[in-house]
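Participant: model this:
(6 chains)
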Number of protein chains: 6
Amino acid sequence: MTDKLNHFDGNGNAIMVDVTDKDITERQAIAIGKIYVNEETYKRIVDGSVKKGDVLGVARVAGIMGTKKTSDLIPMCHPLMLTNSKVDFELDEEEKSITAICIVKLSGKTGVEMEALMGVNIALLTIYDMCKSMDKSMVISDIHLVKKTGGKSGDFLFHSRK
Amino acid sequence: MTDKLNHFDGNGNAIMVDVTDKDITERQAIAIGKIYVNEETYKRIVDGSVKKGDVLGVARVAGIMGTKKTSDLIPMCHPLMLTNSKVDFELDEEEKSITAICIVKLSGKTGVEMEALMGVNIALLTIYDMCKSMDKSMVISDIHLVKKTGGKSGDFLFHSRK
Amino acid sequence: MTDKLNHFDGNGNAIMVDVTDKDITERQAIAIGKIYVNEETYKRIVDGSVKKGDVLGVARVAGIMGTKKTSDLIPMCHPLMLTNSKVDFELDEEEKSITAICIVKLSGKTGVEMEALMGVNIALLTIYDMCKSMDKSMVISDIHLVKKTGGKSGDFLFHSRK
Amino acid sequence: MTDKLNHFDGNGNAIMVDVTDKDITERQAIAIGKIYVNEETYKRIVDGSVKKGDVLGVARVAGIMGTKKTSDLIPMCHPLMLTNSKVDFELDEEEKSITAICIVKLSGKTGVEMEALMGVNIALLTIYDMCKSMDKSMVISDIHLVKKTGGKSGDFLFHSRK
Amino acid sequence: MTDKLNHFDGNGNAIMVDVTDKDITERQAIAIGKIYVNEETYKRIVDGSVKKGDVLGVARVAGIMGTKKTSDLIPMCHPLMLTNSKVDFELDEEEKSITAICIVKLSGKTGVEMEALMGVNIALLTIYDMCKSMDKSMVISDIHLVKKTGGKSGDFLFHSRK
Amino acid sequence: MTDKLNHFDGNGNAIMVDVTDKDITERQAIAIGKIYVNEETYKRIVDGSVKKGDVLGVARVAGIMGTKKTSDLIPMCHPLMLTNSKVDFELDEEEKSITAICIVKLSGKTGVEMEALMGVNIALLTIYDMCKSMDKSMVISDIHLVKKTGGKSGDFLFHSRK
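Facilitator: Residues are numbered from 1 along each chain as shown, chains lettered A, B, ... in the order given. Just a heads-up that it's a prediction; the model follows:
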């Protein structure tokens, strides 16, 4: 880790980081996040995923498409030719939450952390959108990078601060 | 609130909700969310907002632009002609967090909850992107709708479940 | 119907048709089209729609999202705030075809024929994409407007020429 | 050809196919499709292509631009840096049809079949859009891949089933 | 004209101007700009516009499509449903320049100055792109708003400062 | 330089230039352009850049994001994975102008001239947008390529014709 923000030049102006001279290596990033819903909504989502009204199926498609739009939305992100993108979900009956996991891969010059985080965000927002007629108090939380491999800065594994 | 997901038809197929016959009314939505950063990053962001290297200035622009892309990213969202969109930030020295607040307005046939939530998400993801060279363990949390006014379903005010 | 192309001005230059003075009316368009697949692929799609691997679920989402991108892709199309968009499918065991039907609604100044046709095209292309590892000889055919209501030019009902 | 849909994982969830380890090779795809118009419209299009009101000129630009938007529209398509894209037309006086041919090239890790098919679809839809004031009964048909070269799965040449 | 920048709030933070309460009125904006090319390029463009290789035809389509993307590119621009958009060109043999004129109309709550200026810019950039193999020293100049009608701030007519 | 427009095929039809066989080399392009504003606006922009209401900060972000959208706006531009993009400004008290300079880098098969020119245009248009409530007579001028390095066609340095 550097002790400065490399997204600013010497004058403090925002810039896209120069990766021209970086090597093309295999890179992967995994991000995670969850949405807390109420009981009825939780039941409804679980039912849909096994029969009609598949909320998670739509959220999965949205999340994958979202990873491809990252450089369009995050000002300083480089456009990247993602070689793999997937979104999966885990349901927690206990706390009535749905966890979204997004894995993105690239063979390129810079990492795909933002793409994985974007996939998680868009998937969770899509769940919110499709369930908001039942519940508007859903809360999206604990979105963070889980793991990152490849690239000069080396691998990263998330450790909670708390 | 209805007890069903209106984003699915009778056969359980995902649909965009039909708002053709809804009245055009003034609608507003406010959403909020925060990102937890480490001490160095927090100091760096605070410094930038007062002198060079304005992370929050870039995140604000990204968040506002993000609200305009909502229907492009969330499959069942209607395209809307937003009449107002703004993003603001609050810094919490105590917990080393930056809170993003997004307010979106529309004079139209459907609500702008998703647009406000999208603005918060994109603003927080942009902060993550611009600070990730210093810290990759930042966590985005507590994203939820705060308030919604206008429209047939009436006003909504968030009440935490906990 | 006029006897000239209103997408060109007096000098034959392409223009977006001026709809400034048109009334805002409720408009609807229905378009249809089909894709012919081989036997294995047909069986695979049918299975997926009832259990795992839902090709049509993904194609439905893509089709609906496609209707929202019409003005982005068709040079002279007006940007429109669609009030409803849905895509459905019919399977024909006999001819091994999947028919996509797209219905788009708008309360606005111009019709949504192109949006409905775009929804059909994107849904069928998505089926092609998701099945092309099994069969690259799929053929997309018979894409046409079925019906159009609303607007000064009056209603339209498709009559085959053959 | 495989006997399964590689756009779904073991659990039947839609995924973007992982092409991270694939070799970068020269790839090309050619797709074709046609639109049937009525006599007046056919004459009008032919006239325009030789003098004022060039419908095909606009459709060609739209088709080429469309090939670049494929990954934006087809959920599981990889973003690709197309190295060549062109759209051409053939007119059939006999059957009053315009055939669109799209050729796309890439030096990359995955094929460009979808890009070529997208170019054909957008070009034909643009013809429909620009002529619909004269004729709304136009039919788009026979869209299929003609040829594909490059990549591990080898070359493909279309053979009609009929 | 106000003496302050209404794109910033009281704290100097960038905002999208709130037009929620503005009336829907007919608005029009006309913008202009020119590109200076060398003699060979000028001749080539003139020839193309009368026979094969129509640079201006492509630039016209690009300019019109560009007007529709304004809110996507200019951070604080409102998304608008343009009701008319056209781009035209004037050739000046004397100074070897091509002038692009863009007219945009809207029945809405805010003006379309930026859309008209965007149309001019994209049209001129497209001319540059299509001619740069012959001449890379082309200069784009004198881009400005010509006229604006409609809206509370009243009409505007450009007066050169020089 | 060639004496023909390589953006048209033998029949004069617009095409995306085929760069499939070109080598991947490091490429860079620098473009420049300026906007002339009135005295009050000039003072306002200068003030903002040192304290509240940072017009140039927003324009910088817009310009960088604009470089990433080039292939989306310019019909025959190849989609490219930019490896670096930055926008800077110079203020001229004398003539009351702001000059935007955009530098874009790529390790790829074709040049980034259009991306650099796009960054300049979008940055200047954003300045116009944010200041137009004070002054609508601003003029954007002298936009041109300054320098280009890398690629078979060799380096280019701008020489004014006048």
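
Participant: Could you tell me whether A:L5 really is in a strand?
Facilitator: No - counting by DSSP: H, G, I helix; E, B strand; the rest coil, one finds A:L5 to be coil, located in no strand.

Participant: Tell me how far A:A14 lies from chain F.
Facilitator: 6 Å (C-beta to the nearest C-beta, to the nearest Å). To be clear about C-beta, it is placed using only N, CA and C from the backbone, and glycine gets the same treatment.

Participant: Actually, A:M81.
Facilitator: Counting by C-beta to the nearest C-beta, the gap between A:M81 and chain F amounts to 6 Å.

Participant: for A:I103, same thing?
Facilitator: Noted for A:I103: a distance of 21 Å to chain F, by C-beta to the nearest C-beta.

Participant: got any ranges where chain A has weak pLDDT?
Facilitator: Scanning chain A with the threshold set as pLDDT under 70 gives A:1-3, A:49-52, A:161-162.

Participant: where exactly do the helices run in chain A?
Facilitator: Taking DSSP state H to define them, one finds helices in chain A at A:39-50, A:55-67, A:70-73, A:113-131.

Participant: can you tell which of the ones you listed is closest to chain D?
Facilitator: Comparing the helices of chain A against chain D with C-beta to the nearest C-beta, the closest turns out to be helix A:55-67 (5.0 Å).

Participant: Check which helices and strands the closest one sits against.
Facilitator: helix A:39-50, strand A:84-92, strand A:97-108, helix A:113-131, helix B:70-73, helix C:55-67 (3 or more C-beta pairs under 8 Å, 6 or more residues apart in numbering or on different chains; DSSP states H and E).

Participant: Contacts only, for A:H7.
Facilitator: Counting by C-beta atoms under 8 Å, 6 or more residues apart in numbering or on different chains, A:H7 makes contact with A:A14, A:I15, A:M16, A:V17, A:M76, B:V58, B:D129, B:M130, B:S133.

Participant: what about 6 Å?
Facilitator: Going by C-beta atoms under 6 Å, 6 or more residues apart in numbering or on different chains, A:H7 touches A:M76, B:M130.

Participant: ok, now the one 10 residues further on?
Facilitator: With contacts taken as C-beta under 6 Å, 6+ apart, A:V17 has the following neighbours: A:N6.

Participant: how close does it get to F:K147?
Facilitator: Distance, A:V17 to F:K147, by C-beta to C-beta, to the nearest Å: 22 Å.

Participant: before we move on, what about A:H159?
Facilitator: Distance, A:H159 to F:K147, by C-beta to C-beta: 46 Å.

Participant: Could you check how far the spatially most central residue of chain A is from chain C?
Facilitator: By C-alpha atoms, centre = their mean, chain A has its centre lying nearest to A:L117, at 2.4 Å. Noted for A:L117: a distance of 21 Å to chain C, by C-beta to the nearest C-beta.

Participant: from what I can see that residue touches A:A31, true?
Facilitator: Yes - contact criterion C-beta atoms under 6 Å: A:L117 and A:A31 qualify, at 4.5 Å.

Participant: tell me, what's touching those two both at once?
Facilitator: Common neighbours of A:L117 and A:A31 (C-beta under 6 Å, 6+ apart) do not exist.

Participant: burial of A:I30, as a residue count?
Facilitator: Neighbour count of A:I30, defined by other C-beta atoms under 10 Å in any protein chain shown: 20.

Participant: contacts for stretch A:102-111?
Facilitator: With C-beta under 6 Å, 6+ apart as the contact definition, stretch A:102-111 has outside contacts at A:19, A:22, A:24, A:26-31, A:63, A:67, A:78, A:80, A:82-87, A:112, A:115-116, A:119-120, A:148, A:151, D:20.

Participant: Off-centre distance for it?
Facilitator: Stretch A:102-111 sits 12 Å away from the centroid of its parent chain (C-alpha atoms, centre = their mean, to the nearest Å).

Participant: Just the buried positions in it, please.
Facilitator: Neighbour-count burial for stretch A:102-111, counted by 16 or more other C-beta atoms under 10 Å in any protein chain shown, picks out A:C102, A:I103, A:V104, A:K105, A:L106, A:S107, A:G108, A:K109, A:T110, A:G111.

Participant: And stretch A:146-159, by the same measure?
Facilitator: Result for stretch A:146-159 [16+ other C-beta under 10 Å]: buried residues A:V146, A:K147, A:K148, A:T149, A:G150, A:G151, A:F156, A:F158.

Participant: Now flag whichever of those is closest to chain D.
Facilitator: Closest approach to chain D among the buried residues of stretch A:146-159 (C-beta to the nearest C-beta): A:G150, at 10.2 Å.

Participant: Would you agree the closest one is in contact with A:D23?
Facilitator: No - here A:G150 lies out of contact with A:D23, judged by C-beta under 6 Å, at a distance of 9.9 Å.

Participant: near chain B, anything from stretch A:83-95?
Facilitator: No - judged by C-beta under 6 Å from any C-beta of the partner chain, stretch A:83-95 stays clear of chain B, getting no closer than 10.5 Å.

Participant: Please point out which parts of that stretch sit buried.
Facilitator: The neighbour-count check on stretch A:83-95 (16+ other C-beta under 10 Å) flags A:T83, A:N84, A:S85, A:K86, A:V87, A:D88, A:F89 as buried.

Participant: Tell me the spacing between the fourth one and A:D129.
Facilitator: When C-beta to C-beta is applied, the distance between A:K86 and A:D129 equals 21 Å.

Participant: same deal with the last one?
Facilitator: With the distance defined as C-beta to C-beta, A:F89 ends up 15 Å from A:D129.

Participant: swap in the fifth one?
Facilitator: Separation of A:V87 from A:D129 (C-beta to C-beta) stands at 15 Å.

Participant: so who does A:P79 touch?
Facilitator: Residues near A:P79 by C-beta under 6 Å, 6+ apart: A:S71, F:K68, F:M81.

Participant: Just the closest of those to chain C, please.
Facilitator: Nearest to chain C, judged by C-beta to the nearest C-beta, of these is F:K68 at 16.1 Å.

Participant: tell me the contacts of that closest one?
Facilitator: By C-beta under 6 Å, 6+ apart, the neighbours of F:K68 are A:S71, A:P79.
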